[in-house]
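> Give me a model of this one.
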Amino acid sequence: MLPVFVIVINLDRRPDRWATMSEQLDRLGIEATRIPAVDALLLAAQEEWEQTTNGNPPFWRIDIGAAACVLSHSMAMQTFLSSGAAAALILEDDAELASDTPALLHNMDWWPAGARIVRLEDGGAKHPRPLWRPCGRTPTGRILRRLERWCPNAAAYMVDRRGAQMALAAFANPSLPADHILFNLRLSRTARRLRPLQILPAMARQEDCGSSDLLSWRTERDAKLQDRPWRYRRRRLALNLRQVPYKLRVLGLRAIKKVEKLPVPYSEAPPQR
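Alright, predicted model coming up:
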């Protein structure tokens, strides 16, 4: 078995995505295990979802689509921990991978000490991100930098065994979506403990974020919030207050030039050395 166990999260009702991922992985020479994603449509129909505790359904802090995503990533990490591998590459079924991805899987010599999770993807964001100084390189020369600000999405990341255990503890009672739990250092204590690294330039991206099955659930959630504007304002105020210490920290780190804002573009090929 390779030191890195590769897992693809795929909805049963999206065999088209699994076919596309299988073709891509075969082309790259990567062997992967498919994990059936938890379907939010089926989750919503389950009786236990309607059961409440103090008037709130399970996972009441996040919408049902985000809850299904958390459960799917939780299943992927449990499968990884039962494999005996040192680390896992966890992919969602719409991830596009760079040609040098297989180089990450043969050993863990390139993995910096103290890091528990490594982001491969660009996050779909065009804005520069505060990143620490380089702390290593991938086998093909891409730079590794510690992430100091949230990048959205969790379609392609690597996690070690200790990191998976930390994530599973947070997934058991989530107050945030999966990508926030793993990578949002402003809001997630788990993300700060994981000390996530970003590969630069990124070597993965989501092929078509606009077709995500989560979008309809987010729309439904936002509509409910608009129906209760006082709840929305209260939630936004609480969120902004929680972020103040973190924002001050980032300003301080930038002032002493320990972090710098850099774009995180996707590149299909590794940089030329």
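
> number of nearby residues for the closest residue to residue 149 other than its chain neighbours?
Excluding the flanking residues, the one nearest residue 149 by Cβ to Cβ, 6 or more residues apart in numbering is residue 130, at 4.7 Å. The way it works is simple: take the backbone N, C-alpha and C, and place the C-beta from them, glycine included. The tally of other residues near residue 130 (other Cβ atoms under 10 Å) stands at 20.

> On the three-state scheme, residue 130 is what?
In the three-state summary, residue 130 is assigned as strand, counting by DSSP: H, G, I helix; E, B strand; the rest coil.

> Assess the claim that it and residue 151 are in contact.
No: using Cβ atoms under 8 Å, residue 130 makes no contact with residue 151, being 10.6 Å away.

> ok, residue 6 - how many residues close by?
The number of residues packed near residue 6 is 21, by other Cβ under 10 Å.

> Is it correct that it is in contact with residue 95?
No: look at residue 6 against residue 95 with Cβ under 8 Å: they stay out of range, at 11.2 Å.

> what pLDDT does the residue nearest to residue 149 get?
The confidence metric pLDDT takes the value 85 at residue 130.

> What separation do you get for it and residue 31?
Residue 130 sits 36 Å away from residue 31 when distances are taken as Cβ to Cβ, to the nearest Å.

> hey, what's residue 146 bridged with?
With DSSP bridges as the criterion, the beta-bridge partners of residue 146 are residue 197.

> I figured it hits residue 136, correct?
No: here residue 146 lies out of contact with residue 136, judged by Cβ under 8 Å, at a distance of 10.1 Å.

> Do a quick rundown of the strands in this protein.
When assigned using DSSP state E, the strands of the chain occupy the ranges 4-10, 33-36, 87-92, 95-97, 117-119, 129-137, 143-147, 156-160, 197-200, 204-206, 259-262.

> Show me the one of those strands that comes nearest residue 245.
Closest of these to residue 245 is strand 129-137, at 15.1 Å (criterion: Cβ to Cβ).

> And that closest one, what's buried?
When neighbours are counted by 16 or more other Cβ atoms under 10 Å, the buried residues of strand 129-137 are found to be 129-132, 136-137.

> what would those look like in CSV with distance to residue 200?
Compiled in CSV, the buried residues of strand 129-137 are given as follows (distance: Cβ to Cβ, whole Å):
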residue, distance to residue 200
129, 9
130, 13
131, 7
132, 11
136, 11
137, 10
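
> Those: which two are farthest apart?
When those are compared pair by pair using Cβ to Cβ, the two farthest from each other are 130 and 137, 20.1 Å apart.

> residues shared between the contacts of residue 146 and residue 136?
In the contact map built from Cβ atoms under 8 Å, 6 or more residues apart in numbering, the residues linked to both residue 146 and residue 136 are residue 197.

> what's the nearest residue to the spatially most central residue of the chain if we skip its chain neighbours?
With distances taken as Cα atoms, centre = their mean, residue 154 lies nearest the centre of the chain, 2.3 Å away. Across the structure, with Cβ to Cβ, 6+ apart as the measure, the residue nearest residue 154 apart from its sequence neighbours is residue 179 (4.1 Å).

> Show me which of the buried residues of strand 129-137 is closest to residue 10.
Each of those was checked against residue 10 using Cβ to Cβ; the closest is residue 129, at 28.5 Å.

> Tell me what that closest one is bridged to.
With DSSP bridges as the criterion, the beta-bridge partners of residue 129 are residue 262.
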